[in-house]
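S.K.: My questions are about this predicted structure, shown below with the sequence.
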Amino acid sequence: MKTHAVMVILLGAIALLVAALAPPGRAAAQPQPTMVLSPSSGACDAPVEVRGVGLEQLQVPEPGPGPALYLLRPGTGDVNVEILNGVAIYDDGTFTGSVPLWKHGCEAAALDSQAEHPSGYLSFALSGGGPTVQPGERIPNIIAVARYAYTTTVRPPQPTMVLSPSSGPCDALLEVAGGGFPASTGLVLYLVQPGSGDVNASALNGAEAGPDGTFSQWVGLQHGGCDAAALDSQAERPAGHLLIAAVSGRGAAVGPGARIDGIIAVAQYTYTTTAPHVSTETLNILPAGGPCDGTVEVTGRGFEPGTEVVLKLAGPGDVTLGTLTSALPDADGRFVAHLALGEEGCRAAQGDVIAGNPARPQLTIWAERAVAPSTPVPLPGYPTPMPVRIDTFLAGVTYAYTTTEVGGRTPPQALPATGSGPEQGSTRLTWLLWVGGLAGAGLVLVAGLLYGSRRLRG
C-alpha cells in the first residue's frame, strides 16, 4: 500500500512539473485555417464566395504578394490551373472573396470527369503567400483546401465582346461589339483595375442590347486607360492588357475602387503605350476668311490613317452646331475636304455676334473622331443615369467671317466698318439714315404729346 501511494504521489508530481514547464499558450489547440464555399456545389463556371477563418497566426513570407486562392489541377493536389484571386486577411484572421470559375472551372471539371476514378469535385487551395504561381506550376505553402462539387462539365454559350481595335495606345477610342446578351437589356461597360479582376477603375459607357442580344458602342479609354496601363506595367508580372467588363445596367452604380458585381462578359485590350497621346493632328483652311456661307477647303495632316474624321462647326462656348462633312485620312494621315458653310455658318456668325460682337469675328471648324452617341450610364452621386463624355476632339481651325447673313449682306450692327472705299461709305450712309430716322420719330412723338396736353388744358 505504501509503495502504491508513493507511486501515485510521484506520478502526480511529475504531471504538475510537466504542466509547469510547458510553454504558455499551448494548453489550448490553435485554430486551423479553414475555408467555406458558398455555394459548395453547382455549375462548373459559377461564381463562388469563399470565406476563410483561423488565419490569425499566418506569417506571410517575403518577398512576393500575399495569400492567394488557386484552382488545383484535378488528380495532383498542388498544381495550379489558374489563380482565382488574391485575399486580404482581416485582424480577426478571416477573409471573404468572390471568385468566378468561368472557363477554367469547366476545363478542370471536364478533366476530372474523364479520369479513371473521377472525384466529382474541384479543389480551391489557399496559399500563404510568396511568389505568384503560374499555371502548371506547383503551389508551395498550401495552408487550406476547400472542395466544390461540380454539376456540369461544359460551359454554356456565353455573352462575348470584341474590341476594335484590340490593341493600341492606352488612351484609344474603341468600338465594343457584343453578342449573346439578354435581349433588350441595358448594360454598363467598365474598365477593370489591373490585378483585381472585378474592381472598377472607371465607367466607360452605357450600351443597349437589342432584341437579338447584340450591341455596338464606342468607349474612350482616355487618361483612365493610361493610368491602368501604367499600373499594370509596374506590377511584378504585368498582364500586358486591360480588361473591359460588361454588367447589367439595372444594378446599383459602381464607384471607382468598388467591386463590380455580376460581370456578364469581359474583353481584353492589349496596350502599346502607358502615357497619353501627344496630339499631331493639324487643320488648314483656304480661304482663311470670307462670307459666312462661303465654300472652303480644309486640309488635315497627322491623322490616324484609315480612321474616319468628322468636320463640325462650333459656335460660341464651343457648342457643336452641326456636322459639315466627313473625311478618311490616307496612308500618310492626310485628307482634303471641300465644304460649304451655308446657313449653318451664318447662324454661327450671328450667334458669335450676339455673344459679344468680337473684335476679330471668326468661326471654328473642328475635326473629331466619328463615334456613335453616348448611352447614359448610372453614376454614383447622380439620381438619374448620366451620359459619359467621350473626348473625340482632334484639331481645330478658325475662319474669319465678313458677313452674317446668307447672300453676303452685313447688317450695320454686326460688324464695325474698317478701311476705306465704297463699302465703308455705304455703311456710314446706312448708319446716318438709321440714326436720322430714330431722331425724326422721336421729335414727332414729343410734338404729339405737347399738342395733346394743350388741347386738354383748353
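M.R.: Cool, the structure landed. Numbers count the residues shown, from 1 in each chain.

S.K.: CA atoms for contacts and neighbours, from now on please.
M.R.: Noted.

S.K.: Alpha carbons of stretch 123-143, in PDB - could you do that?
M.R.: Extracted C-alpha coordinates of stretch 123-143, given in PDB (Å, rounded to 0.1, in the frame of the first residue of the first chain):
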ATOM      1  CA  SER A 123     -10.300  22.000 -55.200                       C
ATOM      2  CA  PHE A 124      -9.600  25.500 -54.100                       C
ATOM      3  CA  ALA A 125      -6.200  26.000 -52.500                       C
ATOM      4  CA  LEU A 126      -5.200  28.900 -50.200                       C
ATOM      5  CA  SER A 127      -1.500  29.700 -50.500                       C
ATOM      6  CA  GLY A 128       0.100  31.500 -47.500                       C
ATOM      7  CA  GLY A 129       1.900  33.900 -49.800                       C
ATOM      8  CA  GLY A 130       5.200  34.100 -51.800                       C
ATOM      9  CA  PRO A 131       5.900  34.400 -55.500                       C
ATOM     10  CA  THR A 132       3.000  34.200 -57.900                       C
ATOM     11  CA  VAL A 133       2.500  30.700 -59.200                       C
ATOM     12  CA  GLN A 134       1.900  30.300 -62.900                       C
ATOM     13  CA  PRO A 135      -0.500  27.800 -64.500                       C
ATOM     14  CA  GLY A 136       1.100  24.300 -64.500                       C
ATOM     15  CA  GLU A 137       3.500  25.100 -61.600                       C
ATOM     16  CA  ARG A 138       3.300  23.500 -58.100                       C
ATOM     17  CA  ILE A 139       1.900  25.700 -55.400                       C
ATOM     18  CA  PRO A 140       4.100  25.900 -52.300                       C
ATOM     19  CA  ASN A 141       2.900  26.800 -48.800                       C
ATOM     20  CA  ILE A 142      -0.700  25.500 -49.200                       C
ATOM     21  CA  ILE A 143      -2.400  26.200 -45.800                       C
END
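
S.K.: Relative to the whole chain's centre, how far out is that stretch?
M.R.: 32 Å (CA atoms, centre = their mean, to the nearest Å).

S.K.: what's in contact with it?
M.R.: If you take CA atoms under 8 Å, 6 or more residues apart in numbering as the criterion, stretch 123-143 is touched by 33, 58-74, 78-83, 144-148.

S.K.: now those: which count as buried?
M.R.: Buried residues within the contacts of stretch 123-143, defined by neighbour count using 16 or more other CA atoms under 10 Å: 33, 65-74, 78-83, 144-148.

S.K.: on that earlier part again, so which of the contacts of stretch 123-143 belong to strands?
M.R.: 68-72, 80-83, 144-148 (DSSP state E).

S.K.: Is T364 in contact with G396, as I believe?
M.R.: Yes: T364 lies in contact with G396 (CA atoms under 8 Å); the separation is 6.7 Å.

S.K.: where along the stretch 51-200 of the chain do the strands fall?
M.R.: Taking DSSP state E, counting those that start in this stretch as the criterion, the stretch 51-200 of the chain contains strands spanning 68-72, 80-86, 95-100, 121-127, 142-150, 160-164, 167-168, 173-179, 186-192, 200-208.

S.K.: Minimum distance to I285: which of those strands has it?
M.R.: Distances from I285 to each of those were compared using CA to CA; the minimum, 26.3 Å, belongs to strand 173-179.

S.K.: now that closest one against strand 186-192, angle please.
M.R.: Between the direction of strand 173-179 and that of strand 186-192, the angle (axes from the mean of the first three to the mean of the last three CA atoms, to 10 degrees) works out to 130 degrees.

S.K.: Identify all contacting residues around strand 173-179.
M.R.: Contacts of strand 173-179 with the rest of the structure, by CA under 8 Å, 6+ apart, involve 159-165, 209, 213-222.

S.K.: Drop anything exposed from the residues you listed.
M.R.: Neighbour-count burial within the contacts of strand 173-179 applies to 159-163, 209, 213-222; the criterion is 16+ other CA under 10 Å.

S.K.: and the two most separated of these?
M.R.: Maximum pairwise distance among the buried ones among the contacts of strand 173-179 (CA to CA): 27.7 Å, between G213 and Q222.

S.K.: give the contact list for E343.
M.R.: Each residue near E343 by CA under 8 Å, 6+ apart is listed here: 292-293, 406.

S.K.: Would you format those as a markdown table with distance to Y121 and secondary structure included?
M.R.: Converted to a markdown table, the contacts of E343 look like this (distance: CA to CA, whole Å; DSSP: H, G, I helix; E, B strand; the rest coil):
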| residue | distance to Y121 | secondary structure |
| --- | --- | --- |
| C292 | 75 | coil |
| D293 | 74 | coil |
| V406 | 78 | coil |
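
S.K.: Name the member of the residues you listed with the most neighbours.
M.R.: C292 (31 neighbours; other CA atoms under 10 Å).

S.K.: My read is that that residue contacts T403, right?
M.R.: Yes: counting by CA under 8 Å, C292 sits close enough to T403 to count as a contact (5.4 Å).
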